[in-house]
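Peer 1: When you get a sec, could you give me coordinates for this:
(chains A and B)
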Amino acid sequence: MADVKALLGQFEAMAADPKALMDRYIAEGKKVVGCFPPYTPEELVHAAGMVPMGLWGGQVTPSVAGKYNPIFTCSLMRSCMELGMTGAYEGLSAVIMPMLCDTYRGMAGAWRVGVPGVPLIAFIHPQNRTDPGARDYLAAEYRTVAERLEKMTGAQVTEEALQKSIDVYNDHAAAMLDFCRAANEHLDVVGPVARHAVMKSARFAEKAEHAALVRQLVEQLDALPRHAWKGKKLVLTGITAEPDSLLEMFTAHGIAVVADDLAQESRQYRTPVPAGKDGFDRLAGQWQGRQGCSMVHETRAERGQMLVDMAKETGADGVAVCLMRFCDVEEYDFPYISRDVEAAGMPCLCLEIDQSTQNNQQNGTKIQSFVEM
Amino acid sequence: MAETAPKPKRELPKSRQMVNEMTAKVYADAWEAKRRGEPVAWSTAIFPLEVPETFGINVLYPENNAAAVSAKHYGDGLIAHAEGALRYPINICSYARLNLGMADKLRDAAFDGADPLMPLPDLLFLANNSCTQLMKWYENLARDLDIPIFFVDCLYRYDEGELEPHRIAYGRGQIEKLIADLEVFLGKKFDWDRFLEVQKRAQINTKLFDECVALNSTKPSPMDGFDLFSYMAPQVICRGKEITTAIFEQWKAETLERIASGTTTFRGEEKYRVHWEGIACWPNLSYNLKTLSSYGINAVINGYVTAWSLHYEPGDLDGMARAYQTASTNSLSTQAIMDKRSKTIEDYACDGMLCHVNRSCKLMTFHIFVGREMIEEKNGVPVANFDGDQSDGRVFSEAQFETRLQAMTEIMAERKRTEGVK
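Peer 2: Down below sits the predicted model:
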């Protein structure tokens, strides 16, 4: 048990201070590239011999971001802008930004003028994925990302390196899914905060290093006797479920997180990169396979049913929608997913996620009501 | 205070009457088609309508409808229904809230709580060149109404410069697939000869529309700039029809006549000319117009009306794909948009730029926040922001609008005094 706690402590440290991790990589002579969430193909950066690190904002009260971000900018992006403008991302060789929503369309321009010291590489996914040209388009678009990365950093993305990087990422994704399985068998040890730390740290750490650490953790967990959780169980959906003080409320009310559909967490791992001879085409194939995400167009979106199925499979008592403040794509999905969950006879909580405040009072009241139901 | 007789309403110019008649006919035709059991489509505003026009499908445009409903002050109830019973958060686009509210209310055939009402659609046409929210909005319509979406994904252009070949190939392929899919859905062969004619007609109309708009660069202007909003409907909903040619020819003739006679539809003396950035505040249009007029400000041009400048060579599908990916400035980078705005401000001899920080449109607002410095630096004109919304009347404040206008007017006046700006 001591080993498990020590390992979890390592994940928590990485998740809590990505800047320290970035400084470490740079001190080791590596170049680091910031990857805006959630679907920047980190494998391209990895194949160029650099370290991709996710940019997920942080709990920060914006003081300067308002110059280029309207007040109704998605909370996560506003934090990123604030951190960028105040120098937290200094040291990054570049950032890569996927144009997945209207905020990103605006952020690209805002970043260029607000954070001129960190060059931007933007790209856009095809949303009409049933069109036969979509995959070819995206493979070509990824090639332009690689070319711009090469031009900006002097690194090279070879086919051989890309294939190896995809293997590293697929292997890491498998390790993370196995962690989710093991965590559910030990909900007494892997509480909501610890589960989140393992998931979030993966967005920052070098993947081979992280996968090795996750496998150690899983091994330790598997050595423990299985635990039968007596409290309530929840499935989380949304972009992120933060800060830790929110997750601590779950713990305080005896609620375990048994599955998630969070962009920062399981959405990263549930769609492996398919096999193939061309690395760029393989990465495009992963996008084609993504399902149940607010940022991915589906003619018959089944996210509601997917959440119901997740809850049934894990024995969850309900679903919590962690609604990122001013995230319009998630806001459009909320009505139907909440209706679908309720139609299946389960409660659907709506919790507001706002990186600019630590005040979780309203969320606390909703969690309390859920427990009392 | 002595009572004054109400001012007689000005008679609309013939071209405006023609616009109103055309719009009424499009709605009447769609209702009639619905009654006959023919498919009716709802479409986003900058969809390659040349394709449905060739098939002879009756198409209505929810964005255009939302603007009309809001201007007639029928929007509040529908928006409230979307936010209440339907659970849509207040932060999403008010056109979407209004339309999703209407779509649900229309399930009751007796519903008559808004005007104009559209018949429920049997299919949806989606192009996301205005924004990403359109895609989410239409996903909800498709799910709620259990109808198909025919989608042309128009990629956002984050950099400046020419479109790369892979973007053109994807765009062209989608138009070809749209045609093939509709042939299956409708059980009808596509008439490529008619398609060419519709494309030619759309180009004639687009050229005429651009010419009419450009006439307002004349100083003083022959039109109140807000008139441009009123002439958008033919270009948005009937771009491929001959009636639009007749309307625009009439509009052009009337405008040339005004230029020749030195008259204008602007009420009062045109002291200042400004560029209006963003969509109109439809529920507050009349207040905005009166207030601007009272300060002698003519919003001679705006960035919204130019979104339908869809130029391509008829028969050239690559060119058509390029046009639909780049016509709306919402599809372009902030730098590219502001380069266009800067040129317009120069061409129309604007003294300032008045920006609608539209609560519904994050995209346009972002560009204003980032772009205002570019305009101030490049054109040296004052830029003022005010808060509002395209359909949700709760956001706009008359007091704030006037205060911002006053401050802007003072700067424009000062520049005229000290810098000799004419």
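
Peer 1: Just give the number of residues close to the closest residue to chain B within chain A.
Peer 2: The minimum distance from chain A to chain B, using Cβ to the nearest Cβ, falls at A:Gly106 (2.4 Å). To be clear about C-beta, it is placed using only N, CA and C from the backbone, and glycine gets the same treatment. Residues lying near A:Gly106 (other Cβ atoms under 10 Å in any protein chain shown) number 26.

Peer 1: Go ahead and confirm it touches B:Val370.
Peer 2: Yes: between A:Gly106 and B:Val370 there is a contact under Cβ atoms under 8 Å: 7.2 Å.

Peer 1: Quickly list what's touching both of those two.
Peer 2: By the contact definition Cβ atoms under 8 Å, 6 or more residues apart in numbering or on different chains, A:Gly106 and B:Val370 are jointly contacted by B:Thr334.

Peer 1: how about the helices of the stretch 1-150 of chain A, start to end?
Peer 2: Per DSSP state H, counting those that start in this stretch, the stretch 1-150 of chain A carries helices over the ranges A:2-16, A:18-27, A:42-47, A:75-85, A:102-114, A:134-153.

Peer 1: residue contacts, A:Thr73?
Peer 2: Taking Cβ under 8 Å, 6+ apart, we find A:Thr73 in contact with A:65, A:81, A:103, A:106, A:326, B:362, B:366.

Peer 1: What of A:Ala48?
Peer 2: A:Ala48 sits next to A:146, A:149-150, A:153, A:155-157, A:161 when contact means Cβ under 8 Å, 6+ apart.

Peer 1: For the residues you listed, which two are the farthest from each other?
Peer 2: Pairwise distances across the contacts of A:Ala48 (Cβ to Cβ) peak at 13.8 Å, for the pair A:Thr153 and A:Ala161.

Peer 1: Dump the contacts of A:Ala48 to CSV, plus distance to B:Ala142 and neighbour count.
Peer 2: Supplementary listing: those in CSV, determined by distance: Cβ to Cβ, whole Å; neighbours: other Cβ atoms under 10 Å in any protein chain shown:
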residue, distance to B:Ala142, neighbour count
A:Ala146, 35, 23
A:Leu149, 37, 23
A:Glu150, 41, 14
A:Thr153, 42, 18
A:Ala155, 43, 18
A:Gln156, 44, 12
A:Val157, 38, 24
A:Ala161, 41, 18
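
Peer 1: Give me the neighbour count for A:Leu323.
Peer 2: A:Leu323 has 21 neighbouring residues, counting by other Cβ under 10 Å.

Peer 1: you'd agree it is in a strand?
Peer 2: Yes: counting by DSSP: H, G, I helix; E, B strand; the rest coil, A:Leu323 is found in a strand.

Peer 1: so what's it up against?
Peer 2: A:238, A:330-331, A:334, A:350-353, B:89.

Peer 1: Give the bridge partners for it, please.
Peer 2: The partner list for A:Leu323 in beta bridges (DSSP bridges) reads A:Glu352.

Peer 1: from what I can see A:Asp260 touches A:Leu234, true?
Peer 2: No: counting by Cβ under 8 Å, A:Asp260 does not reach A:Leu234; the two are 9.1 Å apart.

Peer 1: Would you mind finding the most buried of the helices of the stretch 1-150 of chain A?
Peer 2: Sort the helices of the stretch 1-150 of chain A by mean neighbour count, taking mean count of other Cβ atoms under 10 Å in any protein chain shown, and helix A:42-47 sits at the top with a mean of 26.

Peer 1: name the helices or strands packed onto it?
Peer 2: strand A:32-35, strand A:51-54, helix A:134-153, helix A:159-184, helix A:279-289 (3 or more Cβ pairs under 8 Å, 6 or more residues apart in numbering or on different chains; DSSP states H and E).

Peer 1: let's see 10 Å
Peer 2: Contacts defined by 3 or more Cβ pairs under 10 Å, 6 or more residues apart in numbering or on different chains; DSSP states H and E place helix A:42-47 against strand A:32-35, strand A:51-54, strand A:94-98, strand A:120-123, helix A:134-153, helix A:159-184, helix A:207-223, helix A:279-289.

Peer 1: and the fourth one, which strands flank it?
Peer 2: Each strand paired with strand A:120-123, and its direction, by DSSP bridges: strand A:94-98 (parallel).

Peer 1: Return the strand it pairs with as PDB; C-alpha atoms alone will do.
Peer 2: Extracted C-alpha coordinates of strand A:94-98, given in PDB (Å, rounded to 0.1, in the frame of the first residue of the first chain):
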ATOM      1  CA  ALA A  94       5.900  26.500 -30.400                       C
ATOM      2  CA  VAL A  95       2.300  25.700 -29.700                       C
ATOM      3  CA  ILE A  96      -0.100  23.700 -31.900                       C
ATOM      4  CA  MET A  97      -3.800  24.600 -31.900                       C
ATOM      5  CA  PRO A  98      -6.700  22.600 -33.400                       C
END
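
Peer 1: picking that back up, would you mind grabbing the residues shared as contacts by A:Asp260 and A:Leu234?
Peer 2: Residues touching both A:Asp260 and A:Leu234 by Cβ atoms under 10 Å, 6 or more residues apart in numbering or on different chains: A:192, A:241, A:320.

Peer 1: Now pLDDT, distance to B:Ile168 and neighbour count too, for those residues, in JSON lines please.
Peer 2: Listed next are the shared contacts of A:Asp260 and A:Leu234 as JSON lines, based on pLDDT from 0 to 100; distance: Cβ to Cβ, whole Å; neighbours: other Cβ atoms under 10 Å in any protein chain shown:
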{"residue": "A:Pro192", "pLDDT": "98", "distance to B:Ile168": "48", "neighbour count": "23"}
{"residue": "A:Ala241", "pLDDT": "97", "distance to B:Ile168": "41", "neighbour count": "27"}
{"residue": "A:Ala320", "pLDDT": "97", "distance to B:Ile168": "44", "neighbour count": "27"}
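
Peer 1: Spell out which parts of the stretch 101-250 of chain A neighbour chain B.
Peer 2: For the stretch 101-250 of chain A, the residues in contact with chain B under the definition Cβ under 10 Å from any Cβ of the partner chain are A:101-114, A:120-141, A:143-144, A:148.

Peer 1: hmm, 6 Å instead?
Peer 2: Within the stretch 101-250 of chain A, the residues that sit near chain B (Cβ under 6 Å from any Cβ of the partner chain) are A:101-102, A:105-106, A:108-110, A:113, A:122, A:124, A:126-128, A:131, A:133, A:137, A:140.

Peer 1: Now tabulate the contacts of A:Ala48 in CSV and tack on distance to A:Gln59 and pLDDT.
Peer 2: Shown next, in CSV, are those (distance: Cβ to Cβ, whole Å; pLDDT from 0 to 100):
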residue, distance to A:Gln59, pLDDT
A:Ala146, 34, 98
A:Leu149, 30, 96
A:Glu150, 35, 95
A:Thr153, 30, 85
A:Ala155, 33, 87
A:Gln156, 38, 93
A:Val157, 35, 96
A:Ala161, 36, 97
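
Peer 1: Redo those residues as CSV? Include distance to B:Lys290.
Peer 2: Formatted as CSV, the contacts of A:Ala48 follow (distance: Cβ to Cβ, whole Å):
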residue, distance to B:Lys290
A:Ala146, 56
A:Leu149, 54
A:Glu150, 58
A:Thr153, 57
A:Ala155, 60
A:Gln156, 63
A:Val157, 60
A:Ala161, 65
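
Peer 1: Which of the residues you listed sits closest to A:Arg203?
Peer 2: Closest approach to A:Arg203 among those (Cβ to Cβ): A:Leu149, at 19.1 Å.

Peer 1: Quick check: the closest residue to the closest one other than its chain neighbours vs A:Pro41, distance?
Peer 2: Counting by Cβ to Cβ, 6 or more residues apart in numbering or on different chains, the nearest residue to A:Leu149 once its immediate chain neighbours are dropped is A:Ala48, at 5.6 Å. A:Ala48 sits 12 Å away from A:Pro41, going by Cβ to Cβ, to the nearest Å.

Peer 1: Where does pLDDT dip in chain B?
Peer 2: Of all residues in chain B, those with pLDDT under 70 make up the ranges B:1-8, B:421-422.
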